[in-house]
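Quick check, what structure comes out for this input:
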Amino acid sequence: AADAADDWTASPPRLKTVSQEHLPDHVKAVPLLVTDCKSRSEMMVHDAQETFGTMWVTLKDAPQHLRVGSKVQKGLQNYFESATLKLSERVPFTQKTQSRFDTYQNNRIAQGGLNPRGKARGS
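Prediction:
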């Protein structure tokens, strides 16, 4: 474990989340900032990063003879990253969605087929 000290950076690595490009257009990705979260389920993604950060600092600050090796360190990071990716991918689907009719109407308005009051153009 002599090389374990070299593997610990000053701050924990940022865990990856699913980006907007990898989600359907009608689903909004989990916000990057905690302050932009609108629900507790969105905050769970950030809670995983915070928990990982706490664990990282605790293990980094352990006495040299008690530090875990780079294999364990990488395993913990992979575990938390996997959980964060899955949460950020699934949480948006638990949010309130519009009805199909509302989605259809919003698309028609955006395409110019309806005015905002729901009436067909030209009628």
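
Only C-alpha atoms from now on, for both contacts and neighbour counts.
Will do.

how near is Gln111 to Leu33?
Distance, Gln111 to Leu33, using Cα to Cα, to the nearest Å: 32 Å.

With Val18 instead?
Taking Cα to Cα as the criterion, Val18 is separated from Leu33 by 14 Å.

for Pro13, same thing?
With the distance defined as Cα to Cα, Pro13 ends up 16 Å from Leu33.

Those two: who's more crowded?
With neighbours defined as other Cα atoms under 10 Å, Pro13 and Leu33 compare such that Pro13 has more, 14 against 9.

got a pLDDT number for that one?
As predicted, Pro13 sits at a pLDDT of 84.

secondary structure element for it?
Following DSSP states H and E, one finds Pro13 outside all helices and strands.

contacting residues around it?
The neighbours of Pro13, taking Cα atoms under 8 Å, 6 or more residues apart in numbering as the test, come to nothing; the list is empty.

now it: how far from Asp47?
With distances defined as Cα to Cα, the gap from Pro13 to Asp47 amounts to 14 Å.

burial of Phe101, as a residue count?
Phe101 is flanked by 9 other residues according to other Cα under 10 Å.

what does Met44 give?
Residues lying near Met44 (other Cα under 10 Å) number 18.

Show the contacting residues for the closest residue to Ser19 other than its chain neighbours.
Nearest residue to Ser19, sequence neighbours excluded (Cα to Cα, 6 or more residues apart in numbering): Ala29, at 6.3 Å. Ala29 is in contact with Val18, Ser19, Gln20, Leu23, Ser88, Glu89, Pro92, counting by Cα under 8 Å, 6+ apart.

cool, and Leu87?
Leu87 sits next to Met44, Val45 when contact means Cα under 8 Å, 6+ apart.

Helix, strand or coil: sort out it for me.
State at Leu87, reduced to three classes by DSSP: H, G, I helix; E, B strand; the rest coil: helix.

mind checking how far it is from Arg40?
Taking Cα to Cα as the measure, Leu87 falls 12 Å from Arg40.
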